[in-house]
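Asks: with the sequence up front, the predicted model follows.
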Amino acid sequence: MKEFTFDNLVEVMREVFNASGVVIDENSTSASVPGWDSIAHVILMLEIEDVFGFTMTPQEAAESANVGELYRALAARRP
Amino acid sequence: MNIFFDQLLKKAQHQSSNIFCEVWVDDVRTVITWADLLHRSLQFASFYRQNGAINGDIVCIILKHHPDIYPAFIGAMLAGAVPSFLPFPTPKQDKESYWSTHEKVFARTNAKLIVTYAELKEQIESRIVNLGASILDHADAHGVEPIMIGRNDLPPSSQLALLQHSSGTTGLKKGVMLTYDAITRQLTSYQQALNITHDTDVKIATWLPLYHDMGLIACFMLPFFSGYHILSIDAFDWTARPAKLFEIVETGRATHMWLPNFAFNHLVRAVPRRASHDLSSLQAIIDCSEPCKQESFDKFIERFSAFGVERTALQTCYAMAESVFAVSQSDTGKIPRSLWIDAPELRSSGVVRILNEPDAKADAIRVLSSGPPLDGIEIAILKDGAFMPDGRTGEVLLRGSFMFSGYFNDEETSKNSYHEQWYKTGDVGFMLDGEIYITGRLKDIIIVNGKNIHAHDIEETVNQVSGIKPGRAVAFGMYDEVVGSEKLIIVAERDGAHEDQEIITSLNSAITANFGITPSDIRLVAEGWLVKTTSGKIGRGENMTKYKQKT
């Protein structure tokens, strides 16, 4: 399992959304990242589980206002 | 005599406790028996009549996934009115765009009633002035004394049964008019193509919304007409947890499903690896609404044959609202034919040259047959004004006994969609050995996850975003093998006055809000990057080639 860090989370997001050239930072949202649609969102949460060993449901993740909040919400779930 | 309601009347009387539908909303299951369906539909019919609906009046139904979606629709029919499902607004959707589109639909259809949920009723009342229609809360139909009707009160078979709204340019929806005659003929023919009858024990598992033709016809009208059993979950719930579909298949012993191609891929990717479901009851899983892909079938079987899915259950269908639904259906119980075709030959001459799989080159394309046409419909291929023989591509034309009666209050569009007595689909394909193969589209329509969007409409929206040089943007679709559908690509020239990320965010938001589809890639390029055709227009094909070279 990979260590759960912000940079590693962003790397997973870039992979899932195929977004190598797009800015993904704490303030990024699905509105600012092309490829981050509802299907990709579900795949992201599955990939997070595969890579880091824990996750949350897509619905729970959708409550986060931005990537920063998502990171902190996930970090709180870290076993 | 209108036979459309026969099974409802028969089952409500003689098999009243038989289940018509099981509806899951947030994991809460509601069972609707045939007796319940008749009772609630007659309540809705009474409710509509009390609110002034008479024969032929349009009733627009905007409801979230809820047990009332079925009786609200049938009730309108029993009242002699003409129902039409419309989608409800979603959180990411641009509200102004949604209301602007729907206000036009209400006006064009001269809707008499709009049936919706309380929250949306308030929004409609506050947003749309001079609305001719009365707005009703579906919950107010509960407890209404059901209307009494006899067989002689049923609408005649020649009457308009429903309006099916399909996407048009700039989001304006075209209202496809379908009579009871057309629907019952198509459904009867479709039953034959599927080797099922009214007496077959068919259970349909579905997440498809009813405002799309596949959901409405295959997963509501077909089971209603035939006396089958529906197992229904919400589309948004399914997207977030696709395994839910397999759960209802397993517990309900579903026999049939209809899915757009991307759904096969989503199930493969998103059903947890540790999950296990018994799907052996499924006789047919029918791929439709967007191009069917052999790779999607292969991945699905590789993953789920262990769940009891047989390869022969994977089937294809070519359909559209203008022919009620299915135009063709692959032979159930057999594996649909798959061909490798010489792509350069196809592009340059339209001639289909079949390649042996071992010889398949990188520039070959693989096409799946969508099966033979249903009884009662004919398919022709037209190119440059001439009808093509087998193995030559052109525009797919249709004529038959269950075609639509035109677009509601839009005679010009209705007339322009015909070539002599043939309906022009805008799809490109070829016939071979009695089966239709779809290879593309004439119009620049991009199909993302089963949803049709016009490239031109996307470009118009892009051109209005700050930071883009007006008129210097192009949108096109590229097939994504991982997703199993097309992805939307936008290439646009910067005007040099804004930061790239600001432009990307604005573009992404605008497209998502207006079309309900998120672009997969937004490539901002320097002024002059986009290629023009010899006629001076920005060529989508040429720029897609250039985009791919840069990838």
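Replies: Noted; the coordinates are in hand.

Asks: can we go C-alpha only for contacts and neighbour counts from here?
Replies: Noted.

Asks: is B:Val144 in a helix, a strand, or coil?
Replies: coil (DSSP: H, G, I helix; E, B strand; the rest coil).

Asks: nearest spatial neighbour of it, skipping sequence neighbours?
Replies: Nearest non-adjacent residue to B:Val144, counting by Cα to Cα, 6 or more residues apart in numbering or on different chains: B:Gln43, 5.5 Å away.

Asks: quick one: mean pLDDT over the helix or strand encompassing the one you found.
Replies: Under the criterion of DSSP states H and E, B:Gln43 resides in helix B:34-50. Helix B:34-50 shows a mean pLDDT of 98.

Asks: and it, how far from the chain's centre?
Replies: 27 Å (Cα atoms, centre = their mean, to the nearest Å).

Asks: can I get that helix as PDB, trimmed to CA atoms?
Replies: Output of helix B:34-50 as PDB, limited to C-alpha atoms (Å, rounded to 0.1, in the frame of the first residue of the first chain):
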ATOM      1  CA  TRP B  34     -51.100  -5.200 -11.000                       C
ATOM      2  CA  ALA B  35     -54.100  -4.400  -8.900                       C
ATOM      3  CA  ASP B  36     -52.200  -1.600  -7.200                       C
ATOM      4  CA  LEU B  37     -51.100  -0.200 -10.600                       C
ATOM      5  CA  LEU B  38     -54.700  -0.100 -11.900                       C
ATOM      6  CA  HIS B  39     -56.000   1.500  -8.700                       C
ATOM      7  CA  ARG B  40     -53.300   4.200  -8.500                       C
ATOM      8  CA  SER B  41     -53.500   4.900 -12.200                       C
ATOM      9  CA  LEU B  42     -57.200   5.400 -11.900                       C
ATOM     10  CA  GLN B  43     -56.500   7.800  -9.000                       C
ATOM     11  CA  PHE B  44     -54.100   9.700 -11.200                       C
ATOM     12  CA  ALA B  45     -56.600   9.700 -14.100                       C
ATOM     13  CA  SER B  46     -59.200  11.200 -11.700                       C
ATOM     14  CA  PHE B  47     -56.700  13.700 -10.400                       C
ATOM     15  CA  TYR B  48     -55.900  14.800 -14.000                       C
ATOM     16  CA  ARG B  49     -59.600  15.100 -14.900                       C
ATOM     17  CA  GLN B  50     -60.300  17.100 -11.800                       C
END
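
Asks: what parts of chain B come near chain A?
Replies: Proximity of chain B to chain A, by Cα under 8 Å from any Cα of the partner chain, involves residues B:239-241, B:266, B:269-270, B:501, B:504-506, B:508-509, B:512, B:517-522.

Asks: what's the burial count for B:Gly143?
Replies: 11 (other Cα atoms under 10 Å in any protein chain shown).

Asks: dump the residue contacts of it.
Replies: For B:Gly143, the contacting residues are B:Gln43, by Cα atoms under 8 Å, 6 or more residues apart in numbering or on different chains.

Asks: B:Gly150 now?
Replies: Not one residue lies near B:Gly150 by Cα under 8 Å, 6+ apart.

Asks: for it, report the pLDDT, please.
Replies: The model's pLDDT for B:Gly150 equals 87.

Asks: relative to B:Glu486, how far out is it?
Replies: B:Gly150 sits 49 Å away from B:Glu486, going by Cα to Cα, to the nearest Å.
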